[in-house]
Structures are given as structure tokens and as C-alpha cells.
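1. Curious how this folds, go ahead:
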Amino acid sequence: MRVLFVCLGNICRSPTAEGVLRHKLRAAGLEQWVRVDSAGTGDWHVGKAPDQRTRLAAQRRGYALEDLRARQVEPADFQHFDLILAMDRDNLADLQRLRPAGAPAALDLFLRRYQLAVDEVPDPYHGGAAGFEQVLDLIEQACDGLLQEIRGRL
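-> Next comes the predicted model:
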């Protein structure tokens, strides 16, 4: 199975989701069967590491994001990934516009798919440390649901 997480710049929310899911897959012994990546709909941060606040919040919970680098969504992603999960409605709308005709990837809002109380992962970029913690809380919960889906598919 191949999963792609998408946010705006690929330096906060989507790399957090990538790191959390990789960690959970490794703990479950499933990492060899699942490809996980993240990307942004914008190109502002291509090649950069995740935001320092994102890395610090993740590190405090045992997630390693240091080796990740931002990239922009490409048309080929819609062919290579089975599931593309957007962090918010704007990202989902951008993905729907970018999606080539006939592309097989399933698109959805990450939190909505796993029935959390909210549909969108808020962008913590312009806020304080509490926003990054909230993002991690939401992503950890949704990744538990995704892990169940992955087990069902495998």
C-alpha cells in the first residue's frame, strides 16, 4: 500500500503525519509493506526540512522528522499512491484540480476518513507551541485509524 499525506507547504502537518505513520508501522511490523510520503500543494519550501517547531514537538513524542525534506505534489503521485490524504479542505480542492483524468489514487480528508470530531488538521505555522501539540494529537488519532485500514488491506 502507498500513502501520501498532503498539506500546503509540506513543513508542518504532512511531514508530521508521515513521521507518525512510519513510527506506528515500524512498531506494528508493517513498514516493509507500506510506502509513506508527504508533499505540499505549494512550492515555497521544496527541499527544506520540516519547521523546527514541528520537529521539536514530534521529537518530544519519539517521532523522527529530521531526514524529511519538503516536496511539491506531482501529477505522477496520483498514479503511484493508493491513498492521498489532505490535511484540510483547501488542500483537498487543490488536489482535485491537480488530479489527472483517470488517476486511480483515492483522495480524502485525513481526519474525516477516520471519523475524528473535526475534519481538518489546523495549520499551526502562524501560532504557538500549543498548535503543534494539537496537530500531533489529531494526527496520532487518525494514524491509529489508518493503521487499522492498512491491516485490513494487507
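
2. what about the strands in this protein?
-> In the chain, the segments counted as strands under DSSP state E are 2-7, 35-40, 83-86, 106-109.

3. Point out where this protein drops to low pLDDT.
-> Counting by pLDDT under 70, the chain contains no low-confidence range.

4. re earlier: make CSV from the strands of the chain and add mean neighbour count and distance to Y125 to it.
-> The C-beta positions use only the backbone N, C-alpha and C, and glycine is treated the same way. As requested, these are arranged in CSV below (neighbours: other CB atoms under 10 Å; distance: least, CB to CB, whole Å):
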stretch, mean neighbour count, distance to Y125
strand 2-7, 26, 9
strand 35-40, 22, 12
strand 83-86, 26, 16
strand 106-109, 16, 19
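
5. pull the longest helix from the protein.
-> Using DSSP state H, we find that the single longest helix of the chain is helix 129-153.

6. by how many degrees do it and strand 2-7 diverge?
-> 160 degrees (axes from the mean of the first three to the mean of the last three CA atoms, to 10 degrees).

7. Use 22 as the first number from now on
-> Will do, 22 is the new start, and the previous item becomes helix 150-174.

8. what's the offset of helix 150-174 from the middle of its chain?
-> 9 Å (CA atoms, centre = their mean, to the nearest Å).

9. Just the buried residues of that helix, please?
-> 152-153, 155-157, 159-164, 167-168, 171 (16 or more other CB atoms under 10 Å).

10. Check stretch 134-153 too.
-> 134-135, 137, 141-142, 144-146, 152-153.

11. Report the contact partners of the closest residue to A124 other than its chain neighbours.
-> The shortest distance from A124 to any non-neighbouring residue, by CB to CB, 6 or more residues apart in numbering, is to F99 (3.4 Å). In this structure, F99 makes contact with 105, 119-121, 124-126, judged by CB atoms under 8 Å, 6 or more residues apart in numbering.
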